[in-house]
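>>> structure of the sequence below:
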Amino acid sequence: MIAALVWRDLWRDLRWDLRRSTPARLCAAWILLLAGLAGCSPALDWRQVRPDGWGLVGAWPCRPSKQSRQVPLAGPAVELDLTACSADGHTFALASADMGDPARVGPALKSLVESARTNVQGRIESERPGSVPGMTPSAEARLLRLQGRLPDGQPVREQVLVFAHGLRVFQATVVGPLADSAHARPFFEAIELPR
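Numbers count the residues shown, from 1 in each chain. Presented below is the predicted three-dimensional model:
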């Protein structure tokens, strides 16, 4: 019964966000939808995943779902792939898109940072250069901690890591009531790129 009520409220919020269909709102709705579909797990059960075509290995604390959508990102629409799941009251998501043009990579990383901030109506608590072994060096690679609110007004925290490998951009996100280092660090540190 409680799950049905939570799902009903989640769906109502998603429909509201989809009517106001900016790229940031679509991404937020998408992450919330996957969180609702994946459910919550009382314990973190880390597993290694190799999303097809990404050239990347990551680890999720639950069985991730995969979705793809066309979204505008630093210019014309691109196929944005998302692999996400929810565990311990948090959503763990990794989104990726092939930008097809080196000139679009930096602006796309900036856009992903802004989308993450907008998704939770957040303020940036801390920000520093992002680093993933094997990533393509970029001044736009960032690691951020945000504090904000969900569409229903509940407070939420978010950690976001944006980086690139060649023409492909990535956004790793942990969203939840804490989204602290205990949740985010294992997720971010498990990301491996070919050398």
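
>>> quick one: least confident helix or strand in this structure?
Least confident helix or strand of the chain, by mean pLDDT, DSSP states H and E, is helix 2-19 with a mean of 40.

>>> what distance do you get for the closest residue to R50 other than its chain neighbours to A93?
Of all residues not flanking R50 in the chain, V57 sits nearest, at 5.2 Å (CB to CB, 6 or more residues apart in numbering). Placement of C-beta: from N, CA and C, glycine included. Note on V57: its distance to A93, by CB to CB, to the nearest Å, is 16 Å.

>>> out of those two, which sits in the more crowded spot?
A93 (25 against 14; other CB atoms under 10 Å).

>>> correct me, but the more buried one touches T83?
Yes. With contact defined as CB atoms under 8 Å, A93 and T83 form a contacting pair (7.2 Å).

>>> can you pull the contacts of E192?
Counting by CB atoms under 8 Å, 6 or more residues apart in numbering, E192 makes contact with L56, V57, G58, P133, G134.

>>> TSV for the residues you listed, including secondary structure?
Listed next are the contacts of E192 as TSV, based on DSSP: H, G, I helix; E, B strand; the rest coil:
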residue	secondary structure
L56	coil
V57	strand
G58	strand
P133	coil
G134	coil
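
>>> looking at these, which is nearest T173?
Using CB to CB, G58 comes nearest to T173 of these, at 12.1 Å.

>>> excluding chain neighbours, what is closest to the closest one?
I191 (5.1 Å).

>>> one more: A77?
Nearest to A77 is Q70, by CB to CB, 6+ apart, at 4.5 Å.

>>> give me the sheet partners of whichever helix or strand the one you found is part of and which way each runs.
Assigned by DSSP states H and E, Q70 belongs to strand 65-72. Using DSSP bridges, strand 65-72 pairs in its sheet with strand 77-87 (antiparallel).

>>> check which element follows the strand it pairs with along the chain.
Counting by DSSP H and E, what follows strand 77-87 is strand 90-98.

>>> pairing partners for that next one, with directions?
Paired strands of strand 90-98, defined by DSSP bridges, are strand 77-87 (antiparallel), strand 168-176 (antiparallel).

>>> okay, these in a markdown table with mean pLDDT, mean neighbour count and distance to S138 next?
Formatted as a markdown table, the strands paired with strand 90-98 follow (pLDDT from 0 to 100; neighbours: other CB atoms under 10 Å; distance: least, CB to CB, whole Å):
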| stretch | mean pLDDT | mean neighbour count | distance to S138 |
| --- | --- | --- | --- |
| strand 77-87 | 97 | 21 | 17 |
| strand 168-176 | 97 | 25 | 9 |
